[in-house]
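Participant: Fold the following, please.
(one chain, ligands or ions: 1)
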Amino acid sequence: MVTMDKIVALTKRRGFVFPTSEIYGGLGSTYDYGPYGVALRRNIKDAWWHAMVISRDDIVGLDSAILQHPRTWEASGHLESFTDPLVDCRACGQRFRADQLEDVQCPQKPSVHPGEGPNCDLTEARQFNLMLETSLGPVRDAGSIVYLRPETAQGIFANFKNVLQTSRRKPPFGIAQIGKSFRNEITTKQFIFRTREFEQMEMEFFVPPDQAEEWFLYWLDERMRWYVDLGLSPDHLRLRPHEPDELSHYSSGTSDIEYLFPTGWQELEGIANRGDYDLRQHAQYSGEKLEYFDQGTGERYVPHVIEPAAGVDRAMLAFLVDAYDEDEQEGEKRTVLRLHPRLAPIKVAVLPLVRRDGQPELAHEVHDALRPLMASEYDEGGSIGRRYRRQDEIGTPWAVTIDHESLENRTVTVRDRDSLAQDRVAIDGLPEFLQRGLAETG
Ligand code: ATP
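Facilitator: Below is the predicted model of the structure:
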């Protein structure tokens with residue numbers, strides 16, 4: 001059975017995820033992504049960008065700055081409302097989320113929750129803003145304070161007019177953005193599920209007001225399908241509409257796509273009907289007109305917005321958890337990541353059976369021919385069984401083995417990660433064979 005500990009161990013062992021600043025003792029709940037991690041993330045982001053931008057005529061891309069004008073966060077409501085309730089304990093000096101005391105242990109008496117120990121002395125709850133601050137320019141004073149964006153969405157709203165004017169689009173149309181966001185989360189836990197620096201994939205879809213509900217339902221379906229198409233088990237996904245008292249200040253309807261993580265059902269992506277809240281707020285705070293004017297009909301309106309907001313790190317965790325499997329091969333335990341081939345960091349491993357008799361040379365030739373087409377890895381170190389297991393653990397869908405027969409007739413063995421079937425394929429036909437395999441899996 002997959003547990004979070006197994007995912008943490010595998011991703012560290014195989015170079016997907018490392019704790020940040022490990023040589024200095026770490027920096028609580030921040031993570032660096034190693035060679036395979038960065039490849040997996042890039043593939044997730046590419047798949048999202050492809051689905052949202054490349055394959056559609058009605059969505060365009062944007063890359064706005066992390067630092068925005070401070071008024072942005074007044075207009076968006078983040079300065080006032082992006083807060084968590086916190087309590088301090090006068091006895092131990094620690095700080096906790098008032099609404100999550102049940103989830104944590106008292107530092108002095110771990111068998112009870114904060115507030116339940118004999119010495120606990122909790123303050124009243126105070127609102128704590130989650131935005132991280134820094135300052136711009138050489139003098140640090142009240143006027144130099146800026147915030148690291150807590151979401152990518154506001155950069156999209158601030159550019160609504162620019163994009164509308166230059167992209168020759170009209171509602172319904174969307175603007176998509178992938179980038180880092182920052183939140184001074186109090187309770188960071190569960191590995192890369194909730195961190196203070198993370199990456200989002202957000203899209204704001206601007207629609208005529210009377211089409212908002214229809215597009216909201218459309219995006220719920222589309223986003224669910226995206227995860228399933230990339231291999232998440234439909235049984236591990238569900239939609240959960242927010243209760244009226246959970247809705248954010250801007251939202252007239254939100255549903256979360258939840259995934260069954262080893263720790264239970266939790267949010268993977270939020271899809272919100274934001275109405276015209278954001279454009280109206282930014283229009284009011286900036287004095288700019290943020291609306292759509294149809295020159296044909298003379299119609300003028302403030303578009304409503306449907307927002308699918310996903311997290312790269314959280315999606316990565318879900319894909320890893322869903323792909324994780326253990327089975328037994330020839331009496332030996334095997335750990336395998338059954339990642340969708342599109343997401344797999346390495347698509348093909350090229351392995352000479354032995355390190356002599358011209359096999360490495362031929363294997364290099366095969367690797368060089370595949371490299372321009374897909375992520376290929378050459379590996380000649382250790383027994384063939386060990387090399388297969390290593391590739392299984394990083395989710396490589398195909399392993400190509402060069403043996404003595406390869407030198408005689410220029411054929412190789414292609415081993416399939418999941419079925420373990422071994423096909424004998426001509427070297428000249430190998431690129432096509434693998435590309436067909438990739439195309440068939442979508
Ligand atoms: P949560 O309730 O889990 O804190 P949220 O509802 O505040 O999340 P949104 O503001 O809707 O999250 O952000 C959209 C997506 O961004 C989330 O579904 C999640 O995938 C990702 N995300 C948000 N906060 C974090 C975080 N601290 N670490 C990692 N990913 C995050």
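
Participant: Look up how far the ligand lies from the closest residue to Ser233 other than its chain neighbours.
Facilitator: Distances taken as Cβ to Cβ, 6 or more residues apart in numbering put Asp322 closest to Ser233, at 5.9 Å, once the chain neighbours are dropped. C-beta here means a position set from N, CA and C on the backbone, and glycine is covered the same way. Distance of Asp322 to the ligand, given as Cβ to the nearest ligand atom, to the nearest Å: 15 Å.

Participant: Asp322 sits in which helix or strand?
Facilitator: Per DSSP states H and E, Asp322 falls inside helix 312-323.

Participant: Please point out which parts of the next helix or strand after that helix sit buried.
Facilitator: Counting by DSSP H and E, the next helix or strand C-terminal to helix 312-323 is strand 324-329. For strand 324-329, a neighbour-count test (16 or more other Cβ atoms under 10 Å) marks Tyr324 as buried.

Participant: Isn't the residue nearest to Ser233 up against Leu232?
Facilitator: Yes - at 5.1 Å, Asp322 counts as touching Leu232 under the criterion of Cβ atoms under 8 Å.

Participant: Now the common contact residues for those two.
Facilitator: Common contacts of Asp322 and Leu232 (Cβ atoms under 8 Å, 6 or more residues apart in numbering): Tyr259.

Participant: what does the stretch 201-350 of the chain have sitting close to the ligand?
Facilitator: 267-270, 309-311, 313-314 (Cβ under 6 Å from any ligand atom).

Participant: Can you name the residue of this structure nearest the ligand?
Facilitator: Gly311 (2.5 Å; Cβ to the nearest ligand atom).

Participant: ok, now which ones touch that residue?
Facilitator: Contacts of Gly311 by Cβ under 8 Å, 6+ apart are 198-201, 268-269.

Participant: hmm, who's touching the longest helix out of those in the chain?
Facilitator: With secondary structure taken from DSSP state H, the chain has its longest helix at helix 212-229. Counting contacts by Cβ under 8 Å, 6+ apart, the residues outside helix 212-229 that touch it are 47-48, 51, 172, 205, 207, 234, 237, 239, 253, 255, 257, 259, 268-269, 271, 273, 275, 304, 306, 308, 310, 315, 318, 442.

Participant: Enumerate the positions of it that are buried.
Facilitator: Buried residues in helix 212-229 (16+ other Cβ under 10 Å): 212, 215-216, 219-220, 223-224, 226-227.

Participant: Arg390: what secondary structure?
Facilitator: Assigned by DSSP: H, G, I helix; E, B strand; the rest coil, the conformation of Arg390 is helix.

Participant: What about it, how many residues nearby?
Facilitator: By the criterion of other Cβ atoms under 10 Å, Arg390 has 19 neighbours.

Participant: ok, it to Leu434 distance?
Facilitator: The gap separating Arg390 from Leu434 is 19 Å, by Cβ to Cβ, to the nearest Å.

Participant: how about the helices in this structure?
Facilitator: Using DSSP H, helices in the chain cover 4-13, 35-49, 71-76, 78-81, 153-158, 160-167, 212-229, 277-286, 312-323, 359-370, 384-394, 404-409, 430-440.

Participant: Would you check how far apart Leu373 and Leu86 are?
Facilitator: Applying Cβ to Cβ to Leu373 and Leu86 gives a distance of 53 Å.

Participant: before we move on, what about Val228?
Facilitator: 38 Å.

Participant: Could you do Gln281 as well?
Facilitator: Taking Cβ to Cβ, one finds Gln281 at 26 Å from Leu86.

Participant: could you give the angle of the helix holding Asp322 to helix 4-13?
Facilitator: 110 degrees (axes from the mean of the first three to the mean of the last three Cα atoms, to 10 degrees).

Participant: buried set for the helix or strand of the chain with the lowest mean pLDDT?
Facilitator: Lowest by mean pLDDT, DSSP states H and E among the helices and strands of the chain is strand 95-97, with a mean of 86. Applying a neighbour-count criterion of 16+ other Cβ under 10 Å, one finds 96-97 buried in strand 95-97.

Participant: give me the number of residues near Pro372?
Facilitator: 8.

Participant: before we move on, the earlier item: got a list of contacts for the least confident helix or strand of the chain?
Facilitator: 84-89, 104, 114, 122, 186-187.

Participant: could the residues you listed go into TSV alongside distance to the ligand and pLDDT?
Facilitator: Output for those, formatted as TSV (distance: Cβ to the nearest ligand atom, whole Å; pLDDT from 0 to 100):
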residue	distance to the ligand	pLDDT
Asp84	9	86
Pro85	14	89
Leu86	15	89
Val87	19	91
Asp88	22	87
Cys89	23	91
Val104	16	86
Pro114	20	93
Leu122	23	91
Ile186	10	79
Thr187	9	70
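
Participant: Export the helices of the chain as a markdown table, with columns for distance to Arg415.
Facilitator: Shown next, in a markdown table, are the helices of the chain (distance: least, Cβ to Cβ, whole Å):
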| stretch | distance to Arg415 |
| --- | --- |
| helix 4-13 | 21 |
| helix 35-49 | 19 |
| helix 71-76 | 52 |
| helix 78-81 | 51 |
| helix 153-158 | 44 |
| helix 160-167 | 47 |
| helix 212-229 | 25 |
| helix 277-286 | 51 |
| helix 312-323 | 18 |
| helix 359-370 | 14 |
| helix 384-394 | 7 |
| helix 404-409 | 14 |
| helix 430-440 | 12 |
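
Participant: Could you provide the ones you listed in CSV, with additional columns for distance to Pro110 and mean pLDDT?
Facilitator: Listed next are those as CSV, based on distance: least, Cβ to Cβ, whole Å; pLDDT from 0 to 100:
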stretch, distance to Pro110, mean pLDDT
helix 4-13, 19, 96
helix 35-49, 32, 98
helix 71-76, 38, 96
helix 78-81, 33, 91
helix 153-158, 39, 98
helix 160-167, 50, 96
helix 212-229, 37, 97
helix 277-286, 43, 97
helix 312-323, 26, 98
helix 359-370, 52, 98
helix 384-394, 34, 96
helix 404-409, 59, 97
helix 430-440, 49, 94
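
Participant: Can you say which of these is nearest to Ser135?
Facilitator: Closest approach to Ser135 among the helices of the chain is made by helix 71-76 (14.7 Å; Cβ to Cβ).

Participant: From the contact counts, what lies against that closest one?
Facilitator: Where contact means 3 or more Cβ pairs under 8 Å, 6 or more residues apart in numbering; DSSP states H and E, helix 71-76 is packed against helix 153-158, helix 277-286.

Participant: Which residue, other than its chain neighbours, is closest to the most centrally placed residue in the chain?
Facilitator: Centroid-nearest residue in the chain, with Cα atoms, centre = their mean: Val312, separated by 1.1 Å. Among residues not flanking Val312 along the chain, Glu199 sits closest, at 3.9 Å (Cβ to Cβ, 6+ apart).
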